[in-house]
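*Asks:* Make a model of this:
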Amino acid sequence: MEYLFVLSKENIDIAIEEILALLNLNECILIGNLLILNIKNHDKIKILKKRLAYAKCIYSLLFESSHKNFLKNMEDFEWNKIYKDNFCIRANIINTIKNDKIKLNYSEKNLASYVWKKVKNPKVDLKDPKTKIEIFFLKDKVLCCLLDADIKKSFESRKSHLRPRPSPISLHPKLARAMVNLTGIGRNETILDPFCGSGGILLEAGLMGLKSIGYDISKKMIWKSMVNLKHYKIKDYKLKVKDFFKINKKYKYVVSDLPYGLNTNIMKNINIKKTNKNEMKNYLDKFYNKVVKKLEKILTKKAVIIFPSYISYKKIIKKSKLKIINEFESYVHNNLTRKIVVLEPLN
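*Replies:* Coordinates of the predicted model:
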């Protein structure tokens, strides 16, 4: 069965890859912000609905048509097979196609008449339809779809400043969730965040039903994580005050936003002035080199790590026993762009 995903335009690259990672797929069709995939198991749609960060909706693709044959296909389709209780039809114009032609020939009222004629006891519900049919008019084709999942998540209400114990450097919940998804981790698996801070990544993992472990060298940050996780009723987690470089256990999945800047705990005992950017960069380069060296010893499957753009992370990783599977960018401000890097062991 083919499915269509409407992706958020915030970061389409991440939106695509989190879906492919969770489905363990490599191939897809992308048209603008529409992603088309062949998925054999419909139950996976329920999982994706709960987990995805950068997707808006998921549809079953009922049929694909040329513009010329579209109305004939509407007439021939067996609408009674997908109809439940009531319905509505919405038309979406994608890419460069003349709107006046769509409005004239393919008004939603006219399109609804094809369904109305084919089903028993037809009812229209424009506000909360049980059967929501959406038509996507593209430049060279038309896609007729049935809504499976309208993905609505309260990311904004979980932003750091709205949590009981905030942190100004915490990731946006949407990005934190996507990072977890980029590992492809399945249910009942465990992720480690060895620089967990106030627990943003652990929180998103917990809300998806995953187990999590959080380490931080700061007692205060571990306390913040605990308060935040309890507030959102997350249960399956472990927190510990621990130095990342003293970890001696292996982990399948590691997800972390590495510390950077003079205000972080790793820099509190380092005598470097804020104005001395070169000295700070040199110190951070050495720090990240140590992180990667340690990561290659403890990682068994996949890691998703954030580096600041001003660090030569590719050179550091190239010297390690890890390989870059994928990488993405997330702009923060003029002085900082986050590099989200997906890593695997070489062997």
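*Asks:* going forward, measure contacts between C-alpha atoms and count neighbours the same way
*Replies:* Fine.
*Asks:* Following element in sequence after the helix-or-strand element of the chain with minimal mean pLDDT, please.
*Replies:* Here the helix or strand of the chain ranked lowest by mean pLDDT, DSSP states H and E is helix 99-105, holding a mean of 61. For helix 99-105, the following helix or strand on the C-terminal side (DSSP states H and E) is helix 108-116.
*Asks:* what about this protein, any weak spots by pLDDT?
*Replies:* Flagging of the chain using pLDDT under 70 yields the residue ranges 95-104, 261-276.
*Asks:* In the longest helix belonging to the chain, which residues are buried?
*Replies:* In the chain, with assignment by DSSP state H, the single longest helix is helix 277-298. Within helix 277-298, the residues scored as buried using 16 or more other CA atoms under 10 Å are 280-281, 284-285, 288-289, 292-298.
*Asks:* Which residues are in contact with residue 16?
*Replies:* 7, 35 (CA atoms under 8 Å, 6 or more residues apart in numbering).
*Asks:* Three-state assignment for it, please.
*Replies:* helix (DSSP: H, G, I helix; E, B strand; the rest coil).
*Asks:* same thing with residue 196?
*Replies:* coil.
*Asks:* where's it relative to residue 121, distance?
*Replies:* 55 Å (CA to CA, to the nearest Å).
*Asks:* need the contact list for the residue most central in space within the chain.
*Replies:* Ranked by distance to the mean C-alpha position of the chain (CA atoms, centre = their mean), the top residue is residue 178 at 3.0 Å. Going by CA under 8 Å, 6+ apart, residue 178 touches 14-15, 18, 52-54.
*Asks:* Determine which two of these are furthest apart.
*Replies:* 14 and 52 (10.5 Å; CA to CA).
*Asks:* neighbour count winner among these two?
*Replies:* Neighbour count, other CA atoms under 10 Å: between residue 14 and residue 52, residue 14 has more, with 27 against 22.
*Asks:* mind checking how far the helix or strand containing the residue nearest to the centre of the chain is from the chain centre?
*Replies:* Residue 178 belongs to helix 173-182 when assigned by DSSP H and E. Taking CA atoms, centre = their mean, to the nearest Å, one finds the center of helix 173-182 at 5 Å from the center of the full chain.
*Asks:* before we move on, what about stretch 16-25?
*Replies:* Worked out by CA atoms, centre = their mean, stretch 16-25 lies 10 Å from the chain centre.
*Asks:* Of all the residues in it, which ones are buried?
*Replies:* 16-20, 22-23.
*Asks:* And for stretch 340-347?
*Replies:* 340-345.
*Asks:* For residue 197, see how far away the closest residue to residue 258 other than its chain neighbours is.
*Replies:* Of all residues not flanking residue 258 in the chain, residue 306 sits nearest, at 5.9 Å (CA to CA, 6 or more residues apart in numbering). For residue 306, the distance to residue 197 (CA to CA) stands at 14 Å.
*Asks:* Check residue 296 too.
*Replies:* Taking CA to CA, one finds residue 296 at 22 Å from residue 197.
*Asks:* now do residue 7
*Replies:* Counting by CA to CA - residue 7 and residue 197 are separated by 29 Å.
*Asks:* And the two? Which one has more around it.
*Replies:* residue 197 (31 against 23).
*Asks:* which residues touch the more buried one?
*Replies:* Residues counted as contacts of residue 197 (CA under 8 Å, 6+ apart) are 167, 170, 216, 221-222, 224-225.
*Asks:* partners of whichever strand or helix holds residue 212 in the sheet?
*Replies:* For residue 212, the host element (DSSP H and E) is strand 211-216. Strand 211-216 pairs in its sheet with strand 190-193 (parallel), strand 237-241 (parallel), by DSSP bridges.
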